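**Student:** need a 3D model of the sequence below.
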Amino acid sequence: MSSYEKIRKYTLQIERHPYDYDAYTDRGIAYNELGQYELAISDFSKAIQLNPNYHFAYYSRGFAYDNLKQYGRAIEDYNKAIQLNPYNDNATTYLFRGCAQKNLRNYEYAICDFDEAIKLNPNDDYAYYSRGECYQALGYNAKSPSYFRYAIRDFDEAIRLAPNDYYAYIRRGECYQVLGYNSKAQADFAKAKQLGWVKV
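**Tutor:** I've put the predicted structure just below:
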């Protein structure tokens, strides 16, 4: 079923059952799929109004705010989703909240979220990659080699889990360069180019 078909389906459901918070949430997800984030937020907000304890509506609205680059609002919704659903698998919520914190340059908070995401899903290459980016940024800010070593460790793991994703090779190469390991850096950049990276 296409996103447009889902919207038609859930709109009919809402017309018949205007207090069905699941229908608002499902239609909001369809709007998210189409990139219509303002409409999605409106539906998730209605779902939350009908059921203030519905953690998935907060999570989904946070995702929409994230895509609108309203990271502060996204973090508030992810906080609420985790608060309402503390015992279930929140790996993706921690991951997304960490990314929102990273986009706000709150790197220490982001690292804590990526730690939790990795604890819940140790095979998520993007969580390792994102945590590595935070350590790398802290390394530049503090001019401290230890942060770059932590970053390399995370990029190693990201590459192990997703060996064909060239972004981790680029970031690891940059860290090697800062630490003076130029041959390793050039090897990583060469691998990234082999995988499709085009340096601008």
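
**Student:** when you work out contacts or count neighbours from here on, use the C-alpha atoms and nothing else.
**Tutor:** Fine.

**Student:** count of neighbours near the residue nearest to residue 157 when sequence neighbours are not counted?
**Tutor:** The shortest distance from residue 157 to any non-neighbouring residue, by C-alpha to C-alpha, 6 or more residues apart in numbering, is to residue 128 (6.6 Å). By the criterion of other C-alpha atoms under 10 Å, residue 128 has 28 neighbours.

**Student:** for residue 128, list the residues it contacts.
**Tutor:** By C-alpha atoms under 8 Å, 6 or more residues apart in numbering, the contact set of residue 128 is 114, 118, 154, 155, 157, 158.

**Student:** if we use 7 Å, what do you get?
**Tutor:** Contacts here follow C-alpha atoms under 7 Å, 6 or more residues apart in numbering; on that basis residue 128 touches 154, 155, 157, 158.

**Student:** mind putting those in CSV, pLDDT and distance to residue 79 included?
**Tutor:** Listed next are those as CSV, based on pLDDT from 0 to 100; distance: C-alpha to C-alpha, whole Å:
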residue, pLDDT, distance to residue 79
154, 99, 25
155, 99, 27
157, 98, 27
158, 98, 26
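
**Student:** among those residues, which one has the most neighbours?
**Tutor:** Greatest neighbour count in these, by other C-alpha under 10 Å, goes to residue 155: 28 neighbours.

**Student:** check which helix or strand covers residue 100.
**Tutor:** Using DSSP states H and E, residue 100 sits within helix 91-103.

**Student:** tell me the helices and strands packed up against that helix.
**Tutor:** Other elements packing on helix 91-103 under the criterion 3 or more C-alpha pairs under 7 Å, 6 or more residues apart in numbering; DSSP states H and E are helix 71-84, helix 107-120.

**Student:** mean confidence score for that helix?
**Tutor:** Across helix 91-103, pLDDT averages out at 97.

**Student:** which residues does that helix contact?
**Tutor:** 59, 66, 71, 75, 78, 107, 109-111, 113-114, 116-117, 120-121, 127, 134.

**Student:** and the residue nearest to the spatial centre of the chain, how close does it get to residue 133?
**Tutor:** Centroid check for the chain by C-alpha atoms, centre = their mean gives residue 96 as the closest residue, at 3.2 Å. Going from residue 96 to residue 133 by C-alpha to C-alpha, to the nearest Å gives 14 Å.
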